[in-house]
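# Model the following, please.
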Amino acid sequence: MHRRLFLFASSALIATATAILSVTAMPAAAQSRKETLVVLVENGPNNLDIHGIGTSFRSYVAAWNMYDRLVSFGIKTLPDGTQSYDYSKIVPELAESYAMAPDGKSVTFKLRKNAKFHDGAPVTAHDVKWSYDRAVSVGGFPTFQMKAGSLEKPEQFVVVDDYTFRVDLPKQDKLSLPDMAVVVPAIFNSKLAKQHATDKDPWAMEWMKTNSAAGGAFKLDKWTPGQEITFNRNDDWKSGPLPKIKRVIIREVPSPGNRRALMERGDADISVDMPQKDSSEIVAEKGSGKYIVVGVPIENSLKYIGMVSTMKPFDNPKVRQAVAHVVPYEQIYKSAIYGRGIPMAMGPADAPKEAVWPQPFPYKTDLAKAKQLLAEAGYPDGFETTISIDLGDATASEPEAVLLQEALGKIGIKATIEKIPGANFRNAMLQKNRPIHIASFGGWLNFPDYFFFWGYHGQNAVFNTMSYKNPKMDALIDAARYEADPARYKAQVMDFIKLAIDDAPRIPLYQQILDVGMQKNIKGYTYWFHRQLDFRQIEKQ
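Numbers count the residues shown, from 1 in each chain. Below is the predicted model of the structure:
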């Protein structure tokens, strides 16, 4: 990890930035500057409901900070002193305690009796059950996520009494408890939500898009989609130490130059998910600027090129392998992400070497090999196709797509680039009809079999953007998820990684680094698996 400073001066950018963002333009009763956190993002939430259809990862910041979960992850310190969540440690949150049955087939939670929702209603086990029932019943991403921890049916969720809740499991599953600590199993105010439910919308999905039924550390103040979302501290929060920050303002500033100018001017406190170009330049300045950058490799995560394996010609593995051999990996690393990533290509020819994920695939740029494979697949003259990208990630994905487009042209593949607005990208991926797409996926639970369960399994979850199905792959993933013997688990992991290399529905480009810029007086920043800020740990000195 690197921390460096930079000096940025541009009167034009600062003038524009000042017009966009004025920290002083706050309500008369605003908290002091020390208690207010101003955050800059390229794109903000598209839905306040973590269970909503097409909810983007940029919405996780709202769900994580407004809602409690029964349990959360502990905190650890990385070698450079940065705080990070600890996926190996599960700690109570809304639950004051929990106990796993000796056979591993149930876990019982004792709720905090003084916990309340934002409207003052008490939090009970009935709310927890309704929330878990909702997550496994609405379908799509939340239901798949719960299934990853063997949480599949409402019958598994039992109200023992008003403040005791039990989860019954079909079999012992190492992912069950960690899966209750991710963003999806948020605890909703069931009475409030039911007031907005209808026969056609029994889970109040429509109302929850733009409203909160939460009880977490921060309350929703106001949301203007595409512009700004603000939160106020919940002073009655009982599930942890009261946060030092009282008010959070997240503002969408699409221009990287404007975000950079605002940070340099001191008009913002934190800039999340900084463009690689800016980060690399700040690192190169070697401490001459006003704010710092913290960069953490995103665990269990990849930026990749996906190919929909149910669409011709990408139903042919040789076509996919041809693309894997034409990708200009080194150019992408140097000129698209400026070295701010861990390369996941050009690995050893006999990969995988070990049962870890992610790890480099053995593909490298080889146009002769690519042409040979394309001819063997029956496409010696190439074909026409489309490369789809997320405009919410345009600063990296657009140059990556242009470089890929140019490279494909060298072997006769004519590709056009489709730019999909960030708020619509996940819905577009759900359609599984974008032949080539550049996307990213990070597994919330840091296990190889968890990543593959989401990204390669034939259940065809949203993150299997390639619509890839292979019974052999499914069997290996399913076996690894419940394997207790370390040697057998290692063999299963290496086998499914090797199969992913050979079938090549997804071409790994690099492991991403989450770069967050922050003023020097910001303390307590913690890296989380969902890549968003947790306001609870942050303070200003």
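
# switch to C-alpha atoms for all contacts and neighbour counts from now on
Noted.

# you'd agree Lys222 is in a strand?
Yes - counting by DSSP: H, G, I helix; E, B strand; the rest coil, Lys222 falls inside a strand.

# I'd like to know the predicted local confidence at it, please.
Confidence at Lys222, expressed as pLDDT, is 97.

# Now do the same contact list for it.
Glu228, Ile229, Thr230, Phe231 (CA atoms under 8 Å, 6 or more residues apart in numbering).

# Equivalent analysis for Phe447, please.
Shown in contact with Phe447 (CA under 8 Å, 6+ apart): Asn300, Trp357.

# hmm, 6 Å instead?
Taking CA atoms under 6 Å, 6 or more residues apart in numbering, we find Phe447 in contact with no residue.

# try Ala213
The neighbours of Ala213, taking CA under 6 Å, 6+ apart as the test, are Phe188, Asn189.

# got it, and Leu37?
By CA under 6 Å, 6+ apart, the contact set of Leu37 is Val248.

# so where does it fall, helix or strand?
strand 36-41 (DSSP states H and E).

# and the next helix or strand after that strand, average pLDDT?
Using DSSP H and E, the helix or strand that follows strand 36-41 in sequence is helix 60-66. Per-residue pLDDT over helix 60-66 has a mean of 97.

# next one: helix 60-66 to chain centre, how far?
Distance, stretch centre to chain centre, for helix 60-66: 12 Å (CA atoms, centre = their mean, to the nearest Å).

# I'd like to know which elements that helix is packed against.
On a contact count with 3 or more CA pairs under 6 Å, 6 or more residues apart in numbering; DSSP states H and E, helix 60-66 meets strand 218-224.

# Tell me which residues are up against the strand or helix carrying Leu408.
Element membership for Leu408, per DSSP H and E: helix 394-409. Defining contact as CA under 6 Å, 6+ apart, one finds that helix 394-409 is touched by Val327, Ile332, Ala336, Ala415.

# So for it, what gets flagged as buried?
Using 16 or more other CA atoms under 10 Å as the test for burial, helix 394-409 gives 394-408.

# what's the answer for stretch 458-476, then?
Across stretch 458-476, burial judged by 16+ other CA under 10 Å covers 458, 460-469, 473-474, 476.

# Could you measure from Ala268 over to Met274?
14 Å (CA to CA, to the nearest Å).

# repeat for Ala204
With CA to CA as the criterion, Ala204 and Met274 are 35 Å apart.

# Looking at the two, which one has more neighbours?
The neighbour count for Ala204 versus Met274, taken as other CA atoms under 10 Å, is higher for Met274 (24 against 20).

# give the contact list for the more buried one.
Met274 makes contacts with Asp515, Val516, as judged by CA under 6 Å, 6+ apart.

# From what I see, Lys105 and Leu169 are in contact.
Yes - with contact defined as CA atoms under 6 Å, Lys105 counts as touching Leu169 (4.7 Å).

# okay, those two: which has more neighbours?
Counted by other CA under 10 Å, Lys105 and Leu169 do not tie: Leu169 has more neighbours, with 19 against 15.

# Any figure for the gap between the more buried one and Ser271?
41 Å.

# before we move on, back to that, and the buried residues of stretch 458-476, which is closest to Ala261?
Closest approach to Ala261 among the buried residues of stretch 458-476 (CA to CA): Phe463, at 34.9 Å.
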